[in-house]
Structure formats: structure tokens, C-alpha cells
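Novice: Let me see the structure of the following:
(2 chains)
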2 protein chains.
Amino acid sequence: MIKPRTPPGVMELLPRDQIAFQQMLDTIRRNFERFGFLPVETPVMELSEMLLTKSGGETERQVYFVQSTGALQNADADAVPELALRFDLTVPLARYVAEHEHDLSFPFRRYQMQRVYRGERAQRGRFREFYQCDIDVIGKDALSVRYDAELPAVIHAVFSELDIGAFTIQLNNRKLMRGFFENLGVDDGERQALMLREVDKLDKRGPDYVRDTLTGAEFGLSADAAQKILDFVQIRSSGHADALAKLDALGSGSATFRQGIAELREVLELVRALGVPEANYAINLSIARGLDYYTGTVYETVLNDYPQIGSICSGGRYENLAGHYTKSHLPGVGISIGLTRLFWQLREAGLVDTADSTVEVLVSQMDEARLPLYLAIAGELRAAGINTEVQLEAKKLGKQFQYADRAGIRFVVVVGEAEEAKGTVAIKDLRKQEQFEVAREELARTLRVELEQARAMAMPGSGA
Amino acid sequence: MIKPRTPPGVMELLPRDQIAFQQMLDTIRRNFERFGFLPVETPVMELSEMLLTKSGGETERQVYFVQSTGALQNADADAVPELALRFDLTVPLARYVAEHEHDLSFPFRRYQMQRVYRGERAQRGRFREFYQCDIDVIGKDALSVRYDAELPAVIHAVFSELDIGAFTIQLNNRKLMRGFFENLGVDDGERQALMLREVDKLDKRGPDYVRDTLTGAEFGLSADAAQKILDFVQIRSSGHADALAKLDALGSGSATFRQGIAELREVLELVRALGVPEANYAINLSIARGLDYYTGTVYETVLNDYPQIGSICSGGRYENLAGHYTKSHLPGVGISIGLTRLFWQLREAGLVDTADSTVEVLVSQMDEARLPLYLAIAGELRAAGINTEVQLEAKKLGKQFQYADRAGIRFVVVVGEAEEAKGTVAIKDLRKQEQFEVAREELARTLRVELEQARAMAMPGSGA
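Specialist: Below is the predicted model of the structure:
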């Protein structure tokens, strides 16, 4: 006998947590579709040569390779196996768009919610298998910056409905950062990147450390330039007008700098036109989102009361999605929610409630002889769209209530001799701890009303 | 540059096919939940020792192993890699139930809809990655045969709503088969299995071949016994009363035989009580579903007009789910739909329509200056629960209509100077090829009504 266990680094949930997780997935998907994104799924296995196109970054060192029994036995020890598990959804998207280019309409708006795999060091809260929920808009040749404004509106819709607390979508633009460095005479992208990496340590090591590093031997900036960088990356806005004012105050500079300002301003204006409340977005000029990939707008989203969780939804604009697979120029903009990690963190912070069961009604079994009646009642409830379980095995009624209560099933239907004679059924509401009787033909309608009221109460913004 | 392509043996869909596929997944899930099954997801990777517990059957030879880059470099060529991809959902279920036994309520009713992996020989219509949609009920120590009757009701609900044509759920009971062989003096299970394998060739090779084999040197049955077997496995019913009559006509026999008859009769009675129309179920005494695993009721489901597709939903009763992982006795009953293969076959048979887009409305862009208005309209539609895309890039109106038409978006909203002045919007219905105008404040309500009517029309049984 083998002790049953999962491999390290995966998240497996008990049913009620799985229901809560599934509700989050459903909410995200519903909002992605609401904004006109189309579903795509790709195979979990890609040809290794598709995934390993870039020159060995951190992510590529974490790739999982896949081999069938036969391939394993005949394997050349030094050869890279033919198949690998995807480590994100962006590389598969690039492969997908390039492969199906002539069958897609551009701008191509797709969402994809699947698991990805990374051979991370095993560590609490780090996952080797996790869900990513991505949307991207891919243009052919060009893609208006207007699309950059739509994604914050999606982020706003998703996190409003997920109802996990106040959040801020932080916006920046890589052109603005790049232009700012150019203004200071730092034109070399690589050097900019190295400096940004030091600036990123601001929160952890303080301004003095950063200032000393920037003015030290490696970078050799003047004290004035270092201070300008520190001041720049600490710019945050509070409200729409403040964001515009802070952009105005940046003055002029290189063409790149001015383009960054213009883009960020247009994004801010359209985000407002899309109805995102100004409490939910701000500029934050420290956001860089990695070093190479993003070229324009960048996003991070933080929970105001849980900044330690870090960004819960990030992304940005990139110049060309699929240069490895096609000559077509395919600029895009996208965001990603790492739902497995987010769910784990929310649960750690006590922000995920145990979900009710997906089962809404238990038809109890009072006496075995009435089983056909119970089955008929269950059939009526199911036909009315109510998720219904029937107690099939004989058990004491008290045990049946106890089971429903523990399982998070709210309503128990009880029909005995007395009720059958009267043509009624008794409904026990385990949440309100009350019992009432209705005519048999009113049962489905009554429960539907109760369940719809409960659903309406559970909607965010209802004050419930 | 690399030619973008997927590995062989996977099914990757364009968005409109993906939508059709997703609708099938949603329908299946909705019906699984309707009958009170709870969601479970397990990691795609399991520890190899969890998966490889049985003694090397066909399925185990098809296992895909997984290794991180590090593990690959340090691998002992002869060792089995630590991780493997699941090849079905039953072994993970066994591991899950055994691992979480003390946190689950029994009977435990779970559904699971995830992809599984098999290193099949590459062949048209065979998949190395495919969805399974499973439900199982797991009892502790015992599980009433009543649960065996509930699964046909779920199958009926699922395939009625999937609306892919008339279907029959075929029922048999392994005890009945086993008892029948015992009646003929064949007590050895292995010998029964070998004979069944020959009997299975009936359709392909005809009754004479089977008769000759059974009476030949290997099995040495009498001509009479061989004929009895042939007669037995050809028993099919037509309607509920006929099924019961045919069971009655089987007469008596060993205790196992009589128990098989009693169980099958009870299942038939409860299937009827659950409201499954008698046209949708029948007994078929040839169904065996493999040789070892199933011990009682077995199911296969066939499309009446497409028998060549084979069983589209199969399963049965098993004696003990998780003997490899726990001493607890966990009998269960389950069914599985192999949705990837089914979708592929339905598409080949022309039974899958191209789905409409998930996008329901395109707000077109008549002139760029009105973009904030278009965004506001889109916001209203989304708030009303309508999936809405906005034309963000300037393009000729004709091109916008063409795009919507090709993408399967039914409604296009048009607002120009004239409409704005009147406080109206024009709605073009691309399906009906008609255009009408409504007051701006009536837009969301009007489109909701139209869309709900369309949804109601699309429901099976509506005659649409």
C-alpha cells in the first residue's frame, strides 16, 4: 500500500474550496467575455523547440520536459526531449496566433484560462502548477493605444465582482521611463535596465542605498541626476486630475519621453471614459514589469489593504508577439492573473469564505417506501434549474440534516405521510434555521425565489 | 524562425469551435451540478508511484513522464522519473479520496472535467491529450445499487441538452454475465474473460466464428452451451416492460446470477422513477466494459443514428476504488465522457454547428470624435450583462459589419450625428438582416430581450 499524496508545489482543494475557486474562475471568465474576448485553449504540451526559442532565461531553466515510456527508453541522454509543458500562456499564444494567422480576425482578442508549469524551488506559496487567466489583444502591423485603456476597465470589472477589497490599478509607460533616462543622458537600454534594477530596491534598502549606488563607480551619475531618478520613480497620483497634473509637471524631453506622456495621458482619459472610478486607477512611475518584453503601457494591480500580496494582475504593451514564428509584425497588449497564487494568498489572509455547496437542495428520505416520490420531486426541482441531491440511502433524518449542514447545502425538503396526505412538502432552511410548508406544486417556484434572493444578496455592492 | 505547430495528437481549436466546445463543457458541468455532484480538480502531474500501482497494463505503457531540466540532467537512465501525467481521472480520484478521506462526506459525489494524457500511437481521431468528464459516487464500506440508477438519469439530462440526436443508454450487470457463465459450469473468472473476448468479435466475425471458437479445443464448450452464450449476449430490450420481461425470461441460476437480475431490475425501476423516457434506455447483455474493474452495473451510451461512433458515455460499478492507497473499502459507481474524441467525431459527422461568437454586440465606430459615447454605450450594455466589443480603431463602417458578420456577432450598434441628435441608436441585426432604431435608454433592455429570445429558441425541445 502506498501513502496517497500529491507532488510538492501543487494546490489541490477540498470540494468547498474548489467551489470557491471555481466561482472565481467563472467570474473572471464572465467578465473577460463581457468585454468581447474570445476563448482559446492550447495543449499543455508544446514541442520543446517552440518553447525554448529565447536564450535561456530563468523561466526556461524551469521547464518541465515530457517523455512517453518509449521515448524515455530510447532517449539520447544529451538530447532535449521533444515535448515540454508550457510555462506561461504567452508563448503558446504567440505560437497559436502565428499558426492560425490566416484564420483569425485582427485585432485578435482572446482570453485563456489554463494551468502552466514551472519547476520552481519548492517553497510555501510557490507553485509548480498554477492557473493563469490571461487576456491579450493582438494587432496586425499596428494596434491603437486605445486598447491599452480597455484592459484596466476589464481589471476593474473583474476585481469589483470578485469583491476581495479595494484595489488600485497602477499605470506607467515604458517609453516614459526610457525617455526619462534618455533625458539624463543614459541612452543604453541595458544600462537603463541595470539602473532600474537598483531603483527597484528602493522600498527594501532605502533611498540612501539607491543614491549611493547610482552615483557610485558602476553608474557614475551626478548627485543631481540620481536625485531626479529617485524623485521620478516615486511619483504616484491620487485621482484623475492629479494624475494629469503630475504628467504635465514632468515637462518636456526626448521624443520617446513625450510619446510616453502622450500615451499615458490618452490611456487615462479613455479609462475614465470607460467608467472606471478614479479611486481605482493611478499612475505609479516606478512600475517597470521586467526589462525587455514590455515597450509601452505597463500595469500592476494592488489590493490597497494588502500591499504585501504584491501585484494581483499585471501586464502591458509589447512590440511584437511572435517574431520567432512569423514575419508578420504583431504588436499586442495583455494582462494576466495568477489565480492559484492569488487564491492561496487570499485564503492565507482570511479573505476567502468557505463557499456554500453547489448543491442547493437535499431531498431527504423519511421513509424508504416513498423513494419514487422523492425522485419525482428531485426531477421537478432539477427541471426548474435547482441543483438537487436525493438521499438515496436510508439514514436517520437527524443525520441527513447534519450532513446537509456540514456540506453547505441550504435547503432540505422533507415529505412524510402527513405531508403527502395534505399535498404539501416541508422545507427546512438551514441557514435561517426555520422550517415552513408549501403546497407540493409550489415547491420549485418557492425554492427558486429563495435561491434567487440569496444570489442577489451575495452580489457585490448589495450591502449584504 | 520556427514553423509554428502543435505536437501530433492534440486538438487545438479556432475560437468559434472553441466556443462550441466550451458550450458542451458548460452543459455537461451544469447537469453534473444539477444532480448534486461536487467539483474536484487534481494536478495534471502525479507522483509516478501513485500512477504505476497496477501491473503494467496497456494504459501504463502509455504514461508520459515529466522531468524538470535539473532532474533530466541528473537522471539515472534506468530509474523511473518521479513525476508522470495522469492517464485517466479514476486513479487521481482514488488517490484524492484516500488522501482526503477524513475530510469528505460519504457517499462522496464528485465530478471532474480535466484533460488526461496517453502516449497513443499517432492516428487520425486518436488523441494524446483529451478531456474526460467524469462523475463518480463513492461509498464507504457499502453503496446502495440505487446510485447505479442515478447515473443514467444524469446521462439522459446531459445528452438531451447537448442535443446531438437520439441516444440509448445500454445497461447490463457483470454479475448477471458472471452468473450466466457459472450456470454453464465456467467458474473461472479468467476463462470467462477469455470467452467474453471471443464473444465480443460477434459483430465483426459472425456467429459461426464465435460458435466454432467456443466449441473448439481452447474452450471445449458443448454446442448447446455455445449457442446459449450466443443467445444470451444478443438479448436487447425495446421499452421498459420488454426489459423486465426479458429479465424474467432468463429464469433462475446461481446466486450471483440471481443477484445480477435483481440489481438490473432495481436499476431499471429507479431509472424510470427518475423520469428517464423508456426510449432512452435498454438492456444489452453483451456489454462487458473491460474485464476486471467493473463488478456490477455497466453502462454504454450510443447515438441511435451513429452507432459507428461507438459508446459516447460509459462506466459502471466497481468494488473498491482505492485499495492501493487505503485499507478502507470504497465501492463506487461512475461514468465518463471522452469529450475531445466525441467533439471530433461529431464534427466529422457534421453534427456540430459553428457557434455564434461569445460577443453579442459590436458597438461600431462611426466617427472617432464620438468614441467616449461609444465607450459609455458599451459600459451600459456590459452592465446589463451583454457581452460587448467596441470598435476602437477607425475603419469603414462596411468593414465593421463584415467583421461582425464573419466573427458571428449578431448585433451591431450604430450611432452617428443624426442618432445622437434624436437620442436614439440604430441596431443592425445581422442574422435577420434588418435594422431598427430605439431610444438610447431602451437599448440595453431591447437587446437583452432579443438575446433572451434567441437563447430560448436555441434550447433543445423548443422546435427551433
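Novice: Give me the residue at the spatial middle of chain A.
Specialist: A:Ile337 (2.5 Å; Cα atoms, centre = their mean).
Novice: which residues does that one contact?
Specialist: Counting by Cβ atoms under 8 Å, 6 or more residues apart in numbering or on different chains, A:Ile337 makes contact with A:Ile28, A:Gln132, A:Cys133, A:Asp134, A:Val158, A:Ile312, A:Cys313. All C-beta atoms are positioned from the backbone trio N, CA, C, and that covers glycine.
Novice: try A:Gln23
Specialist: Remark: with contacts taken as Cβ under 8 Å, 6+ apart, A:Gln23 is in contact with A:Ala355.
Novice: That one in helix, strand or coil?
Specialist: helix (DSSP: H, G, I helix; E, B strand; the rest coil).
Novice: do you know how far it is from chain B?
Specialist: A:Gln23 sits at a distance of 10 Å from chain B (criterion: Cβ to the nearest Cβ, to the nearest Å).
Novice: Just say helix, strand or coil for A:Gln170.
Specialist: Criterion first, three-state DSSP; result for A:Gln170: strand.
Novice: So it sits against A:Thr301, correct?
Specialist: Yes: the pair A:Gln170 / A:Thr301 is scored as a contact, 7.0 Å apart, by Cβ atoms under 8 Å.
Novice: that older thread, ok so the residue nearest to the centre of chain A is a strand residue?
Specialist: Yes: the assignment for A:Ile337 by three-state DSSP puts it in a strand.
Novice: quick one: it and B:Thr168, what's the gap?
Specialist: Separation of A:Ile337 from B:Thr168 (Cβ to Cβ, to the nearest Å) stands at 44 Å.
Novice: who's in contact with the residue of the stretch 101-250 of chain A at minimum distance from chain B?
Specialist: Here the residue of the stretch 101-250 of chain A nearest chain B is A:Gly119; by Cβ to the nearest Cβ that distance is 3.3 Å. By Cβ under 8 Å, 6+ apart, the contact set of A:Gly119 is A:Arg61, A:Gln62, A:Val63, A:Tyr64, A:Arg128, B:Ser68, B:Thr69, B:Gly70, B:Ala71.
Novice: and it, what helix or strand is that in?
Specialist: Assigned by DSSP states H and E, A:Gly119 falls within no helix or strand.
Novice: How about A:Gln259?
Specialist: Using DSSP H and E, A:Gln259 maps to helix A:255-273.
Novice: Downstream of that helix, the next helix or strand is which one?
Specialist: Downstream of helix A:255-273, the next assigned helix or strand under DSSP H and E is strand A:281-283.
Novice: Doesn't A:Gly316 belong to a helix?
Specialist: No: A:Gly316 is assigned strand when assessed by three-state DSSP, not a helix.
Novice: isn't it right up against A:Val298?
Specialist: Yes: judged on Cβ under 8 Å, A:Gly316 makes contact with A:Val298 at a distance of 3.7 Å.
Novice: Quick one: mean pLDDT over stretch A:116-136.
Specialist: What stretch A:116-136 shows for mean pLDDT is 92.
Novice: Off-centre distance for it?
Specialist: Taking Cα atoms, centre = their mean, to the nearest Å, the mean C-alpha location of stretch A:116-136 is offset from the chain mean by 12 Å.
Novice: Likewise for stretch A:428-442?
Specialist: Here stretch A:428-442 is found 38 Å from its chain centre; the criterion is Cα atoms, centre = their mean.
Novice: which residues are in contact with it?
Specialist: For stretch A:428-442, the surrounding residues in contact (Cβ under 8 Å, 6+ apart) are A:377, A:401, A:404-405, A:409-414, A:419, A:423-427, A:446, A:450.
Novice: Work out for me the element A:Ile19 sits within.
Specialist: A:Ile19 belongs to helix A:15-34, assigned by DSSP H and E.
Novice: what residues do A:Gly316 and A:Val298 have in common as contacts?
Specialist: With Cβ under 8 Å, 6+ apart as the test, A:Gly316 and A:Val298 both reach A:Arg174, A:Arg289.
Novice: The stretch 101-250 of chain A: helices as residue ranges?
Specialist: A:146-162, A:174-183, A:189-199, A:202-215, A:223-233, A:240-249 (DSSP state H, counting those that start in this stretch).
Novice: The longest one vs helix A:255-273, what angle?
Specialist: Looking back up the chat, that one is helix A:146-162. 40 degrees (axes from the mean of the first three to the mean of the last three Cα atoms, to 10 degrees).
Novice: do the last one as well
Specialist: Using the same axes, to 10 degrees, the interaxial angle of helix A:240-249 with respect to helix A:255-273 works out to 170 degrees.
Novice: Flag every buried residue along helix A:240-249.
Specialist: Neighbour-count burial for helix A:240-249 flags A:His240, A:Ala243, A:Leu244, A:Lys246, A:Leu247 (criterion: 16 or more other Cβ atoms under 10 Å in any protein chain shown).
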